[in-house]
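A.B. asks: Turn this into a structure:
(one chain, ligands or ions: 2)
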Amino acid sequence: MSADDWFRKDRLPHIFCAGCGNGTIINCTLSAVDSLGWKIDDTVFVSGIGCSSRAPGYIATDSLHTTHGRALPFATGVKMAKPDFHVVVFTGDGDLSAIGGNHFIHACRRNIDITVICMNNQIYGMTGGQGSPCTPTGAYSTTTPYGMDEMPFDLCELATAAGANFVARWTSYHVKELTQAITAGLQKPGLSFIEVLVQCPTNYGRRNKLRDVQSMISSMRDHALLKEKRDRLLAEGKSVPSDTFVVGILTDKNRPALGVKR
Ligand SMILES: Cc1ncc(C[n+]2csc(CCOP(=O)(O)OP(=O)(O)O)c2C)c(N)n1
Ligand code: SF4
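C.D. replies: Ligands and ions are numbered 1, 2, ... in the order given. Have a look, this model is predicted:
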């Protein structure tokens, strides 16, 4: 088996725009599941609605493409009914933290034994670029034509506070690190949450002075601050640059988990 064998090739061509980051995340995830020797027949991918949520449709396992925001309740049901199965959720920042926000905190609180991969493009991509709870302050979207004046969620802090066992953040630039983090998350009992910042050139980039894909990816690379470096700055009493976001494995604990096969 190789990661390629997990693709449902008869569903190509895919719907993603040229330069969209979602394909990179699917690729990293399939490399991770394949490296663990998981089988197509006992792995299930679940998603809600959005560009990111189209991902399971291109994967050869059984999958559930559910309603907007509701991937986590469906995934919880699958895991409780079939604890032998590996359950992986693909979701977007809108799907997970706006309409699905309540499900997100309760899935983390229950620490249900699933892996949740959020492709955070900081906008509602599929519906044409409305602001989401993860749109950065000041950013332009169709619903914030003068710039977002709210604070965005920090999804990783939220997952950690609500009780998830494993939390990591990377970007579509960090392919190797992301694949390693997904591999670690897939093996961890309890809820593993992996946030991936991805480029949406069509609906985020072109409104926010990041017109081409390369500038979006360079921007993510340049503003990512390794957790270890952030911790060092804090230990030395120095301030953390305000235009950075932290990447790395942010939480790794062993709270009792729900749905783990005994
Ligand atoms: C109940 C319901 N409300 C609203 C919508 C419209 N809708 C479809 S996708 C979407 C947002 C998608 O944004 P996100 O989850 O961030 O995914 P992306 O498309 O950016 O990957 C919305 C609001 C819907 N399909 N169902
Ligand atoms: S609108 Fe954005 S997120 Fe959706 S497919 Fe196009 S680039 Fe990707």
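A.B. asks: where does this structure have low pLDDT?
C.D. replies: The chain contains residues with pLDDT under 70 at 262.
A.B. asks: Could I get the full set of helices for it?
C.D. replies: According to DSSP state H, the chain carries its helices in the segments 22-35, 71-81, 93-94, 101-110, 155-162, 175-187, 213-223, 227-235.
A.B. asks: looking at these, which is closest to ligand 2?
C.D. replies: Among the helices of the chain, the nearest to ligand 2 by Cβ to the nearest ligand atom is helix 22-35 (5.5 Å). Quick note: C-beta positions are derived from backbone N, CA and C, even for glycine.
A.B. asks: What residues does the stretch 151-262 of the chain have near ligand 2?
C.D. replies: With the criterion set to Cβ under 6 Å from any ligand atom, the stretch 151-262 of the chain comes near ligand 2 through 200-203.
A.B. asks: Apply 8 Å and report the result again.
C.D. replies: 198-204 (Cβ under 8 Å from any ligand atom).
A.B. asks: Just give the nearest non-adjacent residue to Arg109, would you?
C.D. replies: Using Cβ to Cβ, 6 or more residues apart in numbering and skipping residues adjacent in sequence, the residue nearest Arg109 is Gly163, 4.8 Å away.
A.B. asks: who's in contact with that neighbour?
C.D. replies: 108-111, 191, 255 (Cβ atoms under 8 Å, 6 or more residues apart in numbering).
A.B. asks: just the residues of the stretch 151-262 of the chain next to ligand 2 that are near ligand 1?
C.D. replies: By Cβ under 8 Å from any ligand atom, the members of those lying near ligand 1 are 200, 203.
A.B. asks: Nice, that's everything, thank you.
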